[in-house]
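Trainee: got a sequence here, can you model it:
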Amino acid sequence: MDTWKRNLWICWLGSFATSAALSQVAPILPLYIHELGMVNIGDIAIWSGFAYGATTFIMAIVSPVWGKLADKYGRKPMLLRASFGMTIILIFTAFVTSVPQLVAMRMLLGTISGFNSGAITLIATQTPREKAGWALGTLSTGSVSGTLLGPMLGGYLVEIIGIRYSFVIMAGLLFIAFLLSLFFIHEDFSPKTRHMQKFSEIWHSLPNHSLFFSMFVTTFFIQLALFSIEPVITIYVRMLSVRTDHLAFISGLVFASSGVSTMLFAPWLGKVSDRIGAHKVIFAALLIGALLFIPQAFVQNEWQLMGLRFGVGIATGAMLPSINTMLKQNTPSEVAGRIFSINQSAQFLGVFMGSILGGQIAAHWGIRNVFFITSFLLFLNAVDVYFNVLRKIDLQDEEANHQPVYQVHSR
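Mentor: Now for the predicted structure:
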């Protein structure tokens, strides 16, 4: 088996284990904060949001730093650093005695994390150009499937072994990712001994600034769109459903439906992007996603909402791997770590801002307007991609096809 393909499957397993571990945290954070002595429901909600959001916000800030180090020392060391570091921090999290200590551990977790983004960079730089879409689409299913399994596994473990030991299990999953990376991932990388370029120098050396900027913006808006509904999805399902005895379960199904469709369709859509061009897939998926958000405001029951969220997941499964493919095809390998880390920062900021924006819109203008505003933002994003990416690439292709070919005839 080729090295890049073996690394792909090892990174898939590592991303699955990492996401399965980290996605267990959100459902049990309020329970853990209550166990640490906080009893007021409002205070628990505030500190839960702060503890969860702090990790994502810190990740957005430090991701470019790890990207720079990946370009200098290699991508495998970053996988080892992230997986082993998170293992230690999650073990410490199991033994905190106060809420501020818990928040501090969550902030440290954001500082040291980055396994999934490191895996994306490794696979993007090793995969042949014509296989990039399929490889990155396949890799994304690892993190998505782990994210889907994590909350269910976390809820089950809390009932069986308690909250604190659940963090030990999370640490065990991260340690598995560490061992997989240590023994099975192979990277032929020569550490950079010369002076590293500053980001301003890298940015000015890139051939198409508007393309990179559009890809970063698109990543941000995709995550914002997906997570804008997360804070209010249970409330919306309560409005739609006549049965409230299984509210949490139904809400979980609605939220998970987009992840299931992403997991099912991402590899196939990656192949489509390899065949017709990632820029065309991104544009089409943005338009489809924008259209699918509108009817979500008019659904009459939770099953209609679930079906539309399933469709949104297909669009997402097309967009994120295609964005990574575009970045891979236009980024020199020696600066790939920093470029992909900036895209990861945009992704983390989208998650953070989406959660805040969705709750604020729902509180001031109603839940249904969350879908209208999100749809409008995706449509604006599609317009930007059309003018700054799609048209420019198509014009370049047309110019290349119309260039005269000179033949040399021998006498």
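Trainee: top helix in the chain by residue count?
Mentor: helix 41-73 (DSSP state H).
Trainee: which secondary structure elements does that helix contact?
Mentor: Using 3 or more Cβ pairs under 8 Å, 6 or more residues apart in numbering; DSSP states H and E, the elements in contact with helix 41-73 are helix 25-35, helix 75-93, helix 99-112, helix 115-126, helix 336-365. Placement of C-beta: from N, CA and C, glycine included.
Trainee: now do the last one, average pLDDT.
Mentor: Taken as a whole, helix 336-365 has a mean pLDDT of 82.
Trainee: pull the distance from the worst-scoring helix or strand of the chain on mean pLDDT to the chain's centre.
Mentor: The helix or strand of the chain with the poorest confidence is helix 199-205; it has a mean of 70 (mean pLDDT, DSSP states H and E). Remark: helix 199-205 is offset 25 Å from the chain centroid, using Cα atoms, centre = their mean, to the nearest Å.
Trainee: packing partners of the very next helix or strand once past that helix?
Mentor: The first helix or strand that comes after helix 199-205 along the chain, using DSSP states H and E, is helix 209-228. Judged by 3+ Cβ pairs under 8 Å, 6+ apart, helix 209-228 is in contact with helix 278-293, helix 302-330, helix 336-365, helix 368-385, helix 391-402.
Trainee: right, and these - which one's nearest Glu35?
Mentor: Nearest to Glu35, of all the helices and strands packed on helix 209-228, is helix 336-365, at 23.7 Å by Cβ to Cβ.
Trainee: for that closest one, buried residues please.
Mentor: Going by neighbour count (16 or more other Cβ atoms under 10 Å), the buried part of helix 336-365 is 336-359, 361-362.
Trainee: any idea of the angle the longest helix of the chain forms with helix 336-365?
Mentor: 160 degrees (axes from the mean of the first three to the mean of the last three Cα atoms, to 10 degrees).
Trainee: state the mean pLDDT of helix 41-73.
Mentor: Mean pLDDT, computed over helix 41-73, is 82.
Trainee: buried residues in it?
Mentor: Within helix 41-73, the residues scored as buried using 16+ other Cβ under 10 Å are 44, 47-49, 51-60, 62-64, 66-72.
Trainee: Leu69 and Lys76 touch, don't they?
Mentor: No. With contact defined as Cβ atoms under 8 Å, Leu69 does not reach Lys76; the gap is 12.0 Å.
Trainee: what lies in contact with stretch 67-81?
Mentor: Applying Cβ atoms under 8 Å, 6 or more residues apart in numbering, the external contacts of stretch 67-81 come out as 11, 14, 66, 112, 114-115, 117-119, 121-122, 125, 177-178, 181-182, 185, 187, 189, 191-192, 196, 334-342, 344.
Trainee: please check the residues you listed and keep the buried ones.
Mentor: Neighbour counting with 16+ other Cβ under 10 Å marks 11, 14, 66, 112, 114-115, 117-119, 121-122, 125, 177-178, 181, 185, 189, 335-342, 344 as buried within these.
Trainee: rewinding a little: with distance to Gly270 added, can I get the helices and strands packed on helix 209-228 in CSV?
Mentor: Converted to CSV, those look like this (distance: least, Cβ to Cβ, whole Å):
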stretch, distance to Gly270
helix 278-293, 9
helix 302-330, 5
helix 336-365, 16
helix 368-385, 18
helix 391-402, 18
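Trainee: nearest to Gly85, of those?
Mentor: Nearest of these to Gly85, taken as Cβ to Cβ: helix 336-365 at 16.2 Å.
Trainee: just give me how far the closest one sits from the chain centre.
Mentor: On Cα atoms, centre = their mean, the centre of helix 336-365 falls 10 Å from that of its chain.
Trainee: ok, now stretch 315-323?
Mentor: Offset of stretch 315-323 from its chain centre (Cα atoms, centre = their mean): 10 Å.
Trainee: so where's the chain uncertain?
Mentor: Counting by pLDDT under 70, the chain contains low-confidence residues at 45, 191-197, 199, 202, 231, 234, 243-249, 397-411.
Trainee: Arg309 reaches Pro295, doesn't it?
Mentor: No. Using Cβ under 8 Å, Arg309 is not in contact with Pro295; the gap is 11.0 Å.
Trainee: comparing the two, which residue is more hemmed in?
Mentor: Taking neighbours as other Cβ atoms under 10 Å, Arg309 and Pro295 compare with Arg309 leading, 25 against 15.
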